[in-house]
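>>> okay, structure incoming, though there's no sequence with it:
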């Protein structure tokens, strides 16, 4: 390591045009990305030195940016290069890699018009995080169905990745108070939506089901649907009610930061002798097996990316 | 001014225990106050060298903190002293003064439990901002009734001050696209709630009315209700429908950052010959007159606060 390079092993970030340690990466407290949560983002993971479905994450990020009328000061190719350089600087083989665009601050002091703002792009690569810890995944997570309803899609579009997590945070507190690991939220009509940072699936009579509303169109969710097609498991996006979840044969959660995460309990409902179910375990194993085979993989060029990327 | 003190004239902030220029005040991009909008705040104003209703703002901030299960590392008295010092350092006689508590980051890397986080307190004083510019207030603002519904109170409690502004931002874009100055949002049942950063009032047959739902319990809103009582104007918190707003004799908005702000148009509905109405103007004048008389005033001790406060 060069003497004047900081230690990026706990994560590297790109902020205001510079690469810094992730722990040092800061945003102005006056950025509307903070004071109005006027921001969109995406998270892609790196596993064993390769991005997974990088293009799909960049596609979704571009759709989110358009929906929010945000324009980062970098092209898609530049963003991809910045993400790769963050990973390369960190040296991490398994990483959680975020791209974030905030509204920024108005060019004219005192303006309250979003269109007057200078949008900012931030990115970072930090060590891999499992949304549900590995030991909890192994025994099967305990889900709590929260009483707080998910923010309605008419107010905040859940398919545009956002930081409006107040309802999810309240759900998490409820879950932890109840001794559960994490929460799943219903919409105001009682339909299952998603949890804090993950999509939800259930298995019923051999069919794999995931909610058709109130949820992010997760890339891992899509991967699971793809895997079901590959191995001939019937799978469907469908309206799922609270009762459906409580009567499921199996439940599992999916997220970029954790993959396929089996559930053993939903409130009082105990599944598979209080353990991960066979379909969940099969999909989880296949998900990582496909990673090892190079499915949707974009190699990180650690040596080159450290030095050749602009900025 | 001491040679080694920075120029605080554009604002002073208290961040991570230090006083810095507001433009330099930064928050970690990993703070859940940003990545989950897991934060509450309050804003008090300083007019002509005195805080207005400081205790009421501190009371509300404490209620918001409790509702969010946030615990800043400072007592109420310390927070008041920090706010005063921010104002004193800036030297601003008219200021917008914010107190902010974020969830912070987990003490244990990778934890997803809010209770594992170290909460952070941030504050800043910046030059006075009018939510609706003074020239627009003078001619009467043009309000647009947005099509996007306000986030439901069951999901995010609007009486706990929060940065979940995605719906308000969409409403603002709609308003600006329609050539209006700002927006007002309805709830999903068609009742009037609030706008981006302000409460809404209407005057009908000599009575002053403000919505009973979906809105912050604004301190300026309370001041207006107090003023109505003082001068014997009938005033009431009531359910107000979209149609009520369109048939009002007068409409005005209230906020800490602007006071009483008259409206001349709501969509196609033009009031008072396209100008601020008499009741709105009377309340606006009285609001500032009461300020000048020292109503609810807490003097800022500029000389002492610069030097005597700890930290």
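Perfect, thanks for sending it. This is a predicted model, so every value here is computed, not measured. Residues are numbered from 1 along each chain as shown, chains lettered A, B, ... in the order given.

>>> what does the stretch 1-150 of chain A put close to chain B?
For the stretch 1-150 of chain A, the residues in contact with chain B (Cβ under 8 Å from any Cβ of the partner chain) are A:13, A:15, A:22-23, A:25-30, A:33-39, A:69, A:100, A:103, A:109-110, A:112-115, A:122, A:124, A:126-127, A:129-133, A:148-150. Where you see a C-beta, it was placed from the backbone N, CA and C, and this is true even at glycine.

>>> and with 6 Å instead?
Within the stretch 1-150 of chain A, the positions adjacent to chain B are A:25-27, A:29, A:34-38, A:110, A:122, A:129, A:149 by Cβ under 6 Å from any Cβ of the partner chain.

>>> pull out the buried members of those.
Among those, those buried by neighbour count (16 or more other Cβ atoms under 10 Å in any protein chain shown) are A:25, A:26, A:27, A:29, A:34, A:35, A:36, A:37, A:38, A:122, A:129, A:149.

>>> contacting residues around the fourth one?
In other words, residue A:29. Contacts for residue A:29 (Cβ atoms under 6 Å, 6 or more residues apart in numbering or on different chains) come out as B:25, B:27, B:122.

>>> please redo it, this time with the cut-off set to 8 Å
When contacts are counted by Cβ atoms under 8 Å, 6 or more residues apart in numbering or on different chains, residue A:29 touches A:35, B:13, B:15, B:22, B:25, B:26, B:27, B:100, B:122, B:124.

>>> over to the fifth one?
The contact partners of residue A:34, taken as Cβ under 8 Å, 6+ apart, are A:27, A:28, A:102, B:27, B:33, B:34, B:39, B:163.

>>> just the helices from the stretch 151-300 of chain A, written as ranges.
Remark: helices assigned in the stretch 151-300 of chain A by DSSP state H, counting those that start in this stretch are A:166-177, A:219-231, A:242-246, A:278-292.

>>> can the shortest one be found next to chain B?
In this case it means helix A:242-246. No. Residues of helix A:242-246 are not located near chain B by Cβ under 8 Å from any Cβ, the shortest gap being 15.6 Å.

>>> other residues contacting that helix?
By Cβ under 8 Å, 6+ apart, the surrounding residues in contact with helix A:242-246 are A:145, A:184, A:186, A:190-192, A:200, A:202, A:204, A:209, A:251, A:266-267, A:269.

>>> got a pLDDT number for residue A:306?
Model confidence at residue A:306, given as pLDDT, is 80.

>>> got the phi and psi for it?
For residue A:306, the backbone dihedrals (degrees, to the nearest 10) come out as phi -70, psi -30.

>>> if we can go back for a sec, could you redo the contacts of residue A:29 as a markdown table and give each row pLDDT, distance to residue A:297 and secondary structure?
Shown next, in a markdown table, are the contacts of residue A:29 (pLDDT from 0 to 100; distance: Cβ to Cβ, whole Å; DSSP: H, G, I helix; E, B strand; the rest coil):
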| residue | pLDDT | distance to residue A:297 | secondary structure |
| --- | --- | --- | --- |
| A:35 | 98 | 39 | helix |
| B:13 | 98 | 44 | strand |
| B:15 | 97 | 41 | strand |
| B:22 | 97 | 45 | helix |
| B:25 | 97 | 41 | coil |
| B:26 | 97 | 35 | strand |
| B:27 | 97 | 34 | strand |
| B:100 | 98 | 41 | strand |
| B:122 | 98 | 41 | strand |
| B:124 | 98 | 45 | strand |
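
>>> buried residues, stretch A:9-22. List them.
Applying 16+ other Cβ under 10 Å to stretch A:9-22 flags A:11, A:12, A:13, A:14, A:15, A:19, A:20, A:21, A:22 as buried.

>>> any idea which of the contacts of residue A:29 is closest to residue A:231?
Among the contacts of residue A:29, residue B:27 lies closest to residue A:231 (Cβ to Cβ), at 45.2 Å.

>>> got a list of what the residue of chain A found nearest chain B touches?
Nearest to chain B, among the residues of chain A, is residue A:26, at 3.2 Å (Cβ to the nearest Cβ). Residue A:26 sits next to A:15, B:26, B:27, B:28, B:29 when contact means Cβ under 8 Å, 6+ apart.

>>> same deal with residue A:27?
Residues near residue A:27 by Cβ under 8 Å, 6+ apart: A:15, A:33, A:34, A:102, A:120, A:122, B:26, B:27, B:28, B:29, B:34.

>>> try residue A:49
Contacts of residue A:49 (Cβ under 8 Å, 6+ apart): A:93, A:299, A:300, A:302.

>>> run a quick neighbour tally on the closest residue in space to residue A:220 that isn't next to it in sequence.
Nearest residue to residue A:220, sequence neighbours excluded (Cβ to Cβ, 6 or more residues apart in numbering or on different chains): residue A:254, at 4.1 Å. For residue A:254, the count of nearby residues is 26 (other Cβ atoms under 10 Å in any protein chain shown).

>>> beta partners for residue A:254?
Judged by DSSP bridges, the bridge partners of residue A:254 are residue A:199, residue A:260.

>>> what about it, distance to residue A:261?
Residue A:254 sits 7 Å away from residue A:261, going by Cβ to Cβ, to the nearest Å.

>>> shared neighbours, these two?
Listed as contacting both residue A:254 and residue A:261 by Cβ under 8 Å, 6+ apart are residue A:198.

>>> check the contacts of residue A:29 and tell me the two furthest apart.
Within those, A:35 and B:15 form the most distant pair, 14.3 Å apart (Cβ to Cβ).

>>> residues contacting residue A:119?
Residue A:119 touches A:70, A:71, A:72, A:73, A:101, A:102, A:103, A:104, counting by Cβ under 8 Å, 6+ apart.

>>> now do stretch A:281-301, average pLDDT.
Average pLDDT, stretch A:281-301: 98.

>>> all set now, cheers.
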